[in-house]
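A.B. asks: kindly return the folded structure for what I paste below:
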Amino acid sequence: MGPFWGCYGFPKCRTTLNDVAGKPSTEIDEHYRCPICTRRLVKANKGKGDYWFCSGYSKGCKITLLDNNGVPEPGHRCPSCGNLLVKRKGKNGMFWGCSEFPRCKALYSDLNDKPDFDIFTVKLRKKTAAILAGISLAALSLWGLSMWQNISLAEMLSILGGTLIMIGTIMLGAFLFIALIKLLLRIWQKARSSKASED
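C.D. replies: You can find the predicted model right below:
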């Protein structure tokens, strides 16, 4: 952690200043900042290894980050509540969950050691699989109907073709809508992050 200057009135006054050449400095150490409250991060060791905690711990910011070769692991904010996301291991692999669980139940899949904020990714895969299963079931039903009602192959293909065109049109509209929502979310997130960096 290194030397620092503390207030004479401790514990009532918890103000600390960095030590620069043996004198207190009011310059803020801009190297590592808390991803939640933007106060200075402090390096510590709890026996199992180094970690970083927020200098605003006594003021309610209880953020801790793992140490990665002298640098704090990057922190990611939960879009739902604004608290820190924590990387966890589940039965289906790594994922990111809110540090305020169970109050906030936000979950994000892991994408290259970062939370995948693309909220449609998992839902879209599941919906696509459900749509394909529905199409397969419809085709199987039409085949069964053709055998039972003695419908010719041409009539069955005509019915199936019309159904597939209708489903394809609906899916295309859904994909375009999802792409628009994704674009708007990215614009909103960039605007939010640039506003946070200005503050």
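A.B. asks: biggest helix in this protein by residues?
C.D. replies: helix 153-198 (DSSP state H).
A.B. asks: shaky segments in the chain?
C.D. replies: For the chain, the stretches flagged by pLDDT under 70 are 1-3, 14-15, 17-20, 25-30, 46-48, 119-129, 139-157, 159-160, 195-199.
A.B. asks: repeat the analysis, applying 50 as the threshold.
C.D. replies: 1 (pLDDT under 50).
A.B. asks: number of residues surrounding the residue nearest to residue 35 when sequence neighbours are not counted?
C.D. replies: Excluding its sequence neighbours, the residue lying closest to residue 35 (CB to CB, 6 or more residues apart in numbering) is residue 75, at 3.2 Å. C-beta: built from backbone N, CA, C; applies to glycine. Using other CB atoms under 10 Å, residue 75 has 20 other residues around it.
A.B. asks: got it, and the one 3 residues further on?
C.D. replies: For residue 78, the number of neighbouring residues by other CB under 10 Å comes to 22.
A.B. asks: that one reaches residue 105, doesn't it?
C.D. replies: No: Residue 78 lies out of contact with residue 105 (CB atoms under 8 Å); the separation is 10.3 Å.
A.B. asks: buried sites along stretch 86-105?
C.D. replies: In terms of neighbour count (16 or more other CB atoms under 10 Å), stretch 86-105 has its buried residues at 86, 87, 95, 96, 97, 98, 99, 100, 104.
A.B. asks: so where do the helices sit in this protein?
C.D. replies: Along the chain, the stretches classed as helices by DSSP H are 120-149, 153-198.
A.B. asks: middle-most residue in the protein, spatially?
C.D. replies: residue 115 (3.7 Å; CA atoms, centre = their mean).
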